[in-house]
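J.: Sharing a model that was predicted from the sequence below.
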Amino acid sequence: MGLRFRTRASDSAWVDSVWTCTSEQVTAMTSVAGVRWGLVFWEHAGRAFAGVTGPETRTGTAPVPEGATFTGIEFAVGTSLRAVPAPALVDSGIQLPDTTRRTFRLDGARWETPGPDDAEALVGRLVQAGIVVRDPLLVEVLRGHRPAVSGRTVERRFRSATGLTRGAVRQIERARTAARLLVARTPAADVVAELGYSDEPHLARALRSYVGRTAGQLREGAGGAIALDPDQRLTS
């Protein structure tokens with residue numbers, strides 16, 4: 001028993017993935033660093049909740065209400081909320097007020113709570129209302145284009161939109177990829193070579209900082225419940 005995750009990729013340019021989770025006989029989990037913000041909706045003990053989650057720059061321990069069910073939307077890098085500066089969400093989050101099973105309140109308006117199959121419809125409405133926005137410069141950068149502005153300008157705009165530097169995003173994403181490979185029982189030496197770590201101690205430091213597991217624990221599924229990737233079923 002533990003955390004039962006299911007996820008799907010999204011065909012929306014604004015959304016990275018949509019996930020669901022059920023917690024069973026687990027009250028805490030290891031949170032893993034991540035570069036995206038999200039909306040999450042959950043029910044527990046007959047009550048409904050909603051919140052905004054921010055990027056996380058380090059691993060940690062997070063409480064999990066036992067018997068809760070969750071639906072989450074992970075937004076694409078470069079998108080942001082109009083009303084909340086992206087840096088304010090880093091290693092933080094916001095619980096939204098006045099939430100019911102059917103609706104939640106965001107940016108002064110009430111919205112219908114989505115299920116996993118209609119998350120993109122909600123996002124489309126939020127985009128149309130100007131509540132979810134993105135920087136067109138970053139869209140070009142993330143597509144691999146080189147805009148006619150200085151690197152300093154790109155970095156400033158990137159940090160303003162995401163709350164993170166481009167270097168931090170690369171490091172966190174690399175560590176998450178390493179963890180996925182290790183869960184799939186890829187040898188640590190192969191992970192080092194594939195992802196460009198200088199050696200296994202370098203990999204170990206990254207895993208400790210961003211994932212909270214050793215390579216051996218990831219391969220063996222040890223160490224308790226962990227929020228690594230929604231497309232994996234991770235048990236305690």
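T.: Now that the structure is in, tell me what you want to look at.
J.: now the helices for the protein?
T.: With DSSP state H, the ranges of helices along the chain come out as 86-89, 119-128, 136-142, 151-162, 166-183, 188-195, 200-210, 215-220.
J.: Packing partners of the last one?
T.: In terms of contact count using 3 or more CB pairs under 8 Å, 6 or more residues apart in numbering; DSSP states H and E, helix 215-220 is assigned the packing partners helix 166-183, helix 200-210. Every C-beta, even on glycine, is put in place using the N, C-alpha and C of the backbone.
J.: Can you tell me which of those helices is most buried?
T.: The highest average neighbour count among those, using mean count of other CB atoms under 10 Å, belongs to helix 166-183 at a mean of 19.
J.: chain center to that helix: distance?
T.: Put simply, helix 166-183 sits 12 Å off its chain's centre (CA atoms, centre = their mean, to the nearest Å).
J.: ok, and what's touching it?
T.: 32-35, 57, 77, 154-155, 158, 162, 164, 188, 190-191, 194-197, 203, 206-207, 209-211, 213, 215, 218-219, 221, 228-229, 232 (CB atoms under 8 Å, 6 or more residues apart in numbering).
J.: run the last query once more with 7 Å
T.: Helix 166-183 is touched from outside by 32-35, 57, 77, 155, 158, 162, 188, 191, 195, 203, 206-207, 210-211, 213, 215, 218-219, 228-229, 232, with contacts defined as CB atoms under 7 Å, 6 or more residues apart in numbering.
J.: what does stretch 120-128 give?
T.: Around stretch 120-128, the neighbours that count as contacts under CB under 7 Å, 6+ apart are 10, 12, 14-15, 73, 111-112, 114, 132.
J.: Just the buried residues from those, in PyMOL please.
T.: Here is the PyMOL command that picks out the buried ones among the contacts of stretch 120-128, judged by 16 or more other CB atoms under 10 Å:
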select buried, resi 10+12+14+15+73+111+114+132
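J.: Noted, bye for now.
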